[in-house]
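**Student:** just the structure for this:
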Amino acid sequence: VQLQASGGGLVQAGGSLRLSCAASGPTFDWSAIGWFRQAPGKEREFVASSSRSGLSTYYADPVKGRFTISRDNAKNTVYLHMNSLKPEDTAVYYCAAGNLGVEVRMYGFWGQGTLVTVSS
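**Tutor:** Have a look, this model is predicted:
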């Protein structure tokens with residue numbers, strides 16, 4: 001499966017963004033999708049994940065209640081809706097396909113990343 005992340009940009013604190021992850025390939029339908037982020041000088045960290053059906057979702061504690069992951073399998077697209085953004089959310093955001101989980105090693109396919117910058 002190939003993944004293309006988009007939707008990043010510059011936003012003020014308190015604002016919102018919607019990231020998209022467009023997937024291609026026959027394995028998308030059965031793949032869990034995860035969003036991760038990596039800030040400068042830091043390790044890549046889990047943000048949110050969705051099962052293939054979208055019925056099971058998981059969130060990292062720092063984003064709970066502010067971010068929502070959703071997927072439209074008809075469009076082969078997964079979204080990350082980000083509200084109440086904070087400067088500490090600034091990072092390159094990656095989408096990944098693989099097995100449902102919170103660890104980087106559980107995902108075998110990665111998109112190229114999209115930069116989100118939140119100004120204070």
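
**Student:** report the contact partners of residue 113.
**Tutor:** Residue 113 is in contact with 5, 38, 92-94, counting by CB atoms under 8 Å, 6 or more residues apart in numbering. All C-beta spots, glycine's among them, are computed from the backbone N, C-alpha and C.

**Student:** which one is the residue nearest the centre of the chain nearest to, not counting chain neighbours?
**Tutor:** In the chain, the residue lying closest to the centroid (CA atoms, centre = their mean) is residue 35, at 2.6 Å. Distances taken as CB to CB, 6 or more residues apart in numbering place residue 47 nearest to residue 35, at 4.3 Å, with adjacent residues excluded.

**Student:** can you list contacts of the helix or strand containing the one you found?
**Tutor:** Taking DSSP states H and E as the criterion, residue 47 maps to strand 45-50. Strand 45-50 is contacted from outside by 32-38, 56-60, 63, 67-71, 78, 80, 93, 100-104, using CB under 8 Å, 6+ apart.

**Student:** of these, buried ones?
**Tutor:** 32-37, 58-60, 63, 67-69, 71, 78, 80, 93, 100, 104 (16 or more other CB atoms under 10 Å).

**Student:** among those, name the ones in strands.
**Tutor:** Secondary structure defined by DSSP state E assigns 32-37, 58-59, 67-69, 71, 78, 80, 93 of those to strands.

**Student:** and residue 97, what is it in contact with?
**Tutor:** Counting by CB under 8 Å, 6+ apart, residue 97 makes contact with 1, 3, 23, 27-28, 31-34, 107-109.

**Student:** same thing but 6 Å
**Tutor:** Residue 97 makes contact with 1, 31, 33, 109 under the criterion CB atoms under 6 Å, 6 or more residues apart in numbering.

**Student:** neighbours of the second one, just the number please.
**Tutor:** Neighbourhood size, residue 31 [other CB atoms under 10 Å]: 24.

**Student:** quick check: the residue nearest to it when sequence neighbours are not counted vs residue 33, distance?
**Tutor:** Sequence neighbours aside, residue 97 is the residue nearest to residue 31 in space, at 4.0 Å (criterion: CB to CB, 6+ apart). From residue 97 over to residue 33 the distance is 6 Å, taken as CB to CB, to the nearest Å.
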